[in-house]
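Participant: Pasting the sequence and the predicted coordinates here, then a few questions.
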Amino acid sequence: MANNYVTGSPLEKTSLASLDQGQAMTKRCYREGVKARGKAAVLAGIAVAIATLASARMLPWARANLNHRAQALIISTVAGAAYFIVADKTVLATARWNSFKQVSNIEA
């Protein structure tokens with residue numbers, strides 16, 4: 001029969017309060033990421049939609065070669081890329097900020 005004892009490092013301070021604080025920090029980071037992703041996707045979609053639709057009306061090559069499906073594909077691709085790029089940057093920035101905050105709390 002195996003012993004189910006868990007021994008933690010004496011340097012780690014794992015308590016219920018610190019776990020709750022970490023979970024709250026994670027939720028806040030996630031919410032900030034979702035807001036930033038949505039804003040970036042909408043702004044990028046609008047900017048690319050204006051440029052794509054204008055070029056499809058004004059440029060002879062685009063008018064001849066870009067049908068409605070191609071225009072929609074260009075717009076949705078850029079909006080999706082903006083969504084994921086901003087999500088990654090937001091999560092990393094928030095995690096970096098939280099780690100600096102935790103280091104300053106430990107030193108104090």
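Facilitator: Right, received. Where do you want to start?

Participant: mind listing the helices for the chain?
Facilitator: 16-58, 60-65, 68-107 (DSSP state H).

Participant: And the shortest one, how far out from the chain middle?
Facilitator: Read it as helix 60-65. On the basis of C-alpha atoms, centre = their mean, to the nearest Å, helix 60-65 sits 35 Å off its chain's mean C-alpha point.

Participant: May I have it exported as CSV, CA atoms only?
Facilitator: Below are the C-alpha coordinates for helix 60-65, written out as CSV (Å, rounded to 0.1, in the frame of the first residue of the first chain):
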residue,chain,number,x,y,z
PRO,A,60,-9.3,46.9,-62.9
TRP,A,61,-7.3,43.8,-61.8
ALA,A,62,-9.2,43.4,-58.5
ARG,A,63,-12.5,44.1,-60.3
ALA,A,64,-11.8,41.3,-62.8
ASN,A,65,-10.3,38.7,-60.4
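
Participant: Give me the mean pLDDT for that helix.
Facilitator: Averaged over helix 60-65, pLDDT sits at 90.

Participant: which strands and helices sit next to that helix?
Facilitator: Helix 60-65 is packed against helix 16-58, with contacts defined by 3 or more C-beta pairs under 8 Å, 6 or more residues apart in numbering; DSSP states H and E. C-beta coordinates here come from the backbone N, C-alpha and C atoms, glycine included.

Participant: and the angle from the helix it packs on to helix 68-107?
Facilitator: Using axes from the mean of the first three to the mean of the last three C-alpha atoms, to 10 degrees, the direction of helix 16-58 lies 150 degrees away from that of helix 68-107.

Participant: Show me what helix 16-58 is packed against.
Facilitator: Contacts defined by 3+ C-beta pairs under 8 Å, 6+ apart place helix 16-58 against helix 60-65, helix 68-107.
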